[in-house]
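Asker: Predicted model and sequence follow; I will ask about them next.
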Amino acid sequence: MTDLQRIMHVEDDPSIQQVAKIALEAVGGFTVHTCSCGQQALEDYPNVAPQLILLDVMMPGMDGPTTLQHLQQKYDLAKVPVVFMTAKVQSNEVASYKKLGGADVVVKPFDPMTLSDQIRQIWTDFQR
Amino acid sequence: MKALNNKTDLTAAFSSLRQRFEQGLPQRSAAMLAMVQKKPAQQMLADIVAESHKLSGACGTFGHALLGAMARQIEQLAQAISAKPLQEQEQTIPELIHTVQEFDIAVAQMIAGVTGKHELQRQMPVMKNSVWLLLDNAALTIEITAQLQGFGLQVEEFKDYTQCVARLREETPAILLATVALSTGELLFEQTLLLNRLVQQQIRLMVLAEADSFPLRVQAAAQRAEAFFVTPLNVPEMITYVSELLDYSSGVGRVFIVDDDKLLAEHYALVLSTAGIETQISNHVENIVDEVMRFQPDLILMDMYMPEYSGAEIASVLRQYRDFKRLPIVFLSSELNKSLQIKAMSHGADDFITKPIDDMQLIQAIKVRLARSLQIKNLIEKDSLTSLVKHAAIKDTAELEFLRVERSKKPLSVVMLDIDHFKMVNDTYGHAAGDLVITALATLLRKRIRKTDRAGRYGGEEFLLVLPDCDTQQAKLITEQILDAFKKLTFSAGSIQFSCTFSAGVVSTDDNDFANAIQMIAAADSALYKAKVAGRKQVLSWSA
């Protein structure tokens, strides 16, 4: 199994962008490319070639699920798990996000100290 | 970015991010406050949903769980409003504005370093006899409501957390009985907003869980839950808990103060009485046994060093009396020498409060110890089913009141009550139903008698009332009123509804020249027997 290295984080809130970047890079040792909107994610994808995408659900303009649809239409995401990130959800919502093609859901608020462990676990599960 | 191996660096990095986030918060909440008053409403609501959603995630990540929960409430409210028809939106927007304002205030307080507890919250009067239910089991809700209302309690029902939080903004119930998990999967202990309100408004919490679990109990304990019930709910037990809790809140306790510095003693008495604690100051240390016997305190607060006798000596003397063995004695001392404190404890002191202590701390220190001491006293003296005092304790009370009659020259009445055909109730409807009947009568007795009166569970379905300053006629009238109320209660066992009656015998010191309370109790018992023979469901006096 290849190690997880490159993560693309799509999130419009600058404060969350920063804290996730530190959480994933400094704590987890990953490399994070941050996109501030779905459109940018579509444009940056080929150059970044992320192994995993962390995608905020609620964004102005193009929301997370729509961004995922466009990404799937343009690129082959068979080997790239997409993890939705959203404020507190109910268990049935998690199922609906997975139906949309999400590998898993990370619930906000998240703990910066354990976020990378959570992502690594999702990566491992995805490889099985 | 290179991996930071050093944990200190990491903490520093996160805390600088957090600071930046906190600094930006007032602006964001102010912007949201401006936003919420804009028109058209449809666009405004979408903007509010987006921003509050963002804040609800971010606040928690940066260690502000309460703010996160408040933001989430704004989001949910805004979503609910935008789902409504346009003409109805207008009416609900003020509530949304209010919620955003609360968030704005909370942000300002966070910035000012004020913790939630000392918030500028308006003090709302507590609705003394109100119990709120937060359950989504309709059948259980109906059953509990009926039972509680039968005892004259006001009940309000809620099916979800948000609704309850909104209502808490307007009123403060005495008790909230809440389920730990709703069928939607929402968990009580994650409702930061609700839990925070309970603390602020000093509402007693009782929780109901599907299954017993230690971690869950710990979570409940962290929220100061007074009781932890497991389904199937034992309704009589729950009702006893409720009435006990409501009882506690009325009287905080009695403290006897011993200090040679009279001014200081008066000061303590004044401070404690502002917190609803009854106090008495010792007059002459030599008479302390008599004074304590008469005042019947729940706790003694004593200075450790007094010129004539030391606190340790006085404690030792008190402990020579059987009646005072259990009475908590707390020393006030500036003594920092541990070995001296331990020596004092070997003489019967229970605890130390170190001087100097400010007034608020004194109140809190005493209240905590009083509450604990009352709990223990209740466990020892009170019957677990009814939380009335047990056989021995009510007999002692009768004896004590009988002795007082000699001094007061006022009549004392004693009433013996017995539930009619109780064995049949147990056999027909089951023991659970029988327990419910007993609890119901106990609760009625507690509610209907005066503060100076005492009720005890004398035997299985037998109760004894001790009514000072009350003649036969009055006692008979009171008991008949209780009988009327008891007759009207309906109980349910499965789908069957039934009601019960009792018989009672009344006797007072005016009726005869009784030698002691035992004779009075025997007389009341024989009057009860007459009532049973005469056809039950009636109150007869011994003299009649």
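Answerer: Looks like it arrived, so ask away. Numbers count the residues shown, from 1 in each chain, chains lettered A, B, ... in the order given.
Asker: Now do the phi/psi pair for the closest residue to residue B:429 other than its chain neighbours.
Answerer: With sequence-adjacent residues excluded and distances taken as CB to CB, 6 or more residues apart in numbering or on different chains, residue B:429 is closest to residue B:493, at 3.7 Å. Backbone N, C-alpha and C define where each C-beta goes, glycine included. Backbone torsions of residue B:493, given as degrees, to the nearest 10, read phi -130, psi 110.
Asker: swap in residue B:255?
Answerer: phi -120, psi 130.
Asker: hang on, the earlier thing: show me what the residue nearest to residue B:429 bridges to in the sheet.
Answerer: Counting by DSSP bridges, residue B:493 is bridged to residue B:496.
Asker: wait, isn't it in contact with residue B:435?
Answerer: No - Residue B:493 lies out of contact with residue B:435 (CB atoms under 8 Å); the separation is 11.0 Å.
Asker: Report the set of residues contacting both of these two.
Answerer: Contact with both residue B:493 and residue B:435 is made by no residue, according to CB atoms under 8 Å, 6 or more residues apart in numbering or on different chains.
Asker: does chain B sit close to the top helix by length along chain A?
Answerer: Using DSSP state H to define each element, chain A has its longest helix at helix A:115-127. No - Helix A:115-127 stays out of contact with chain B when judged by CB under 8 Å from any CB of the partner chain, the minimum separation being 9.0 Å.
Asker: list the helices and strands that helix packs on?
Answerer: Using 3 or more CB pairs under 8 Å, 6 or more residues apart in numbering or on different chains; DSSP states H and E, the elements in contact with helix A:115-127 are strand A:52-56, strand A:104-108.
Asker: thought residue B:353 was touching residue B:364?
Answerer: No - taking CB under 8 Å as the definition, residue B:353 is not a contact partner of residue B:364, at 10.2 Å.
Asker: residue in the stretch 301-450 of chain B nearest to chain A?
Answerer: Closest to chain A within the stretch 301-450 of chain B is residue B:364: 32.8 Å, counting by CB to the nearest CB.
Asker: what about that residue, neighbour count?
Answerer: 13 (other CB atoms under 10 Å in any protein chain shown).
Asker: before we move on, what about residue B:33?
Answerer: Neighbours of residue B:33 using other CB under 10 Å come to 15.
Asker: That one reaches residue B:102, doesn't it?
Answerer: No - if you go by CB under 8 Å, residue B:33 and residue B:102 don't touch, sitting 10.5 Å apart.
Asker: show me what contacts the closest residue to chain A within the stretch 201-350 of chain B?
Answerer: With CB to the nearest CB, the shortest gap between the stretch 201-350 of chain B and chain A falls at residue B:210, namely 16.1 Å. Counting by CB under 8 Å, 6+ apart, residue B:210 touches B:180-181, B:230-231.
Asker: where does the chain dip in pLDDT?
Answerer: Assuming you mean chain A. A:88-91 (pLDDT under 70).
Asker: Actually, chain B is the one I wanted.
Answerer: Short version for chain B, where the test is pLDDT under 70: B:1-7, B:114-125, B:247-251, B:334-337, B:340, B:544.
Asker: quick one: contacts for residue B:28?
Answerer: B:51, B:55.
Asker: Could you export the host helix or strand of residue B:519 as PDB, CA atoms only?
Answerer: Assigning secondary structure by DSSP states H and E places residue B:519 in helix B:517-533. C-alpha atoms of helix B:517-533 as PDB (Å, rounded to 0.1, in the frame of the first residue of the first chain):
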ATOM      1  CA  ALA B 517     -46.600   9.000  73.000                       C
ATOM      2  CA  ILE B 518     -46.700   5.200  72.900                       C
ATOM      3  CA  GLN B 519     -50.200   5.300  74.600                       C
ATOM      4  CA  MET B 520     -51.300   7.900  72.100                       C
ATOM      5  CA  ILE B 521     -50.200   5.800  69.200                       C
ATOM      6  CA  ALA B 522     -52.000   2.800  70.600                       C
ATOM      7  CA  ALA B 523     -55.200   4.900  71.000                       C
ATOM      8  CA  ALA B 524     -54.900   6.100  67.400                       C
ATOM      9  CA  ASP B 525     -54.500   2.500  66.300                       C
ATOM     10  CA  SER B 526     -57.600   1.400  68.100                       C
ATOM     11  CA  ALA B 527     -59.600   4.300  66.500                       C
ATOM     12  CA  LEU B 528     -58.200   3.100  63.100                       C
ATOM     13  CA  TYR B 529     -59.500  -0.400  63.900                       C
ATOM     14  CA  LYS B 530     -63.000   1.100  64.600                       C
ATOM     15  CA  ALA B 531     -62.900   2.900  61.200                       C
ATOM     16  CA  LYS B 532     -62.100  -0.300  59.500                       C
ATOM     17  CA  VAL B 533     -64.900  -2.200  61.200                       C
END
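Asker: Neighbouring strands - and their directions - for the helix or strand following that helix?
Answerer: Downstream of helix B:517-533, the first helix or strand assigned by DSSP H and E is strand B:539-541. If you go by DSSP bridges, strand B:539-541 pairs up with strand B:502-508 (parallel).
Asker: Compute the inter-axis angle for the strand it pairs with and helix B:517-533.
Answerer: Strand B:502-508 runs at 140 degrees relative to helix B:517-533, counting by axes from the mean of the first three to the mean of the last three CA atoms, to 10 degrees.
Asker: which residues are in contact with strand B:502-508?
Answerer: Here strand B:502-508 has contacts from B:411-420, B:441, B:470-472, B:475-476, B:479, B:483, B:486, B:520, B:523-532, B:536-543, using CB under 8 Å, 6+ apart.
Asker: Tell me the buried residues within the residues you listed.
Answerer: Buried subset of the contacts of strand B:502-508 (neighbour count, 16 or more other CB atoms under 10 Å in any protein chain shown): B:411-420, B:441, B:470-472, B:475-476, B:479, B:483, B:486, B:520, B:523-525, B:527-528, B:531-532, B:537-542.
Asker: For chain A, give me its nearest residue in chain B.
Answerer: For chain B, CB to the nearest CB, closest residue to chain A: residue B:60, 2.4 Å.
Asker: pull the CA atoms of the strand or helix carrying residue B:443 into CSV?
Answerer: For residue B:443, the host element (DSSP H and E) is helix B:431-448. In CSV, the C-alpha atoms belonging to helix B:431-448 read as follows (Å, rounded to 0.1, in the frame of the first residue of the first chain):
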residue,chain,number,x,y,z
HIS,B,431,-46.5,-5.1,43.4
ALA,B,432,-45.4,-2.3,41.1
ALA,B,433,-48.9,-0.9,41.2
GLY,B,434,-49.0,-1.4,45.0
ASP,B,435,-45.7,0.6,45.3
LEU,B,436,-47.2,3.4,43.2
VAL,B,437,-50.2,3.6,45.6
ILE,B,438,-47.9,3.9,48.6
THR,B,439,-45.8,6.5,47.0
ALA,B,440,-48.8,8.5,46.0
LEU,B,441,-50.2,8.6,49.5
ALA,B,442,-46.8,9.5,50.9
THR,B,443,-46.5,12.3,48.4
LEU,B,444,-50.0,13.6,49.3
LEU,B,445,-49.2,13.5,53.0
ARG,B,446,-46.0,15.5,52.5
LYS,B,447,-47.8,18.1,50.4
ARG,B,448,-50.9,18.5,52.6
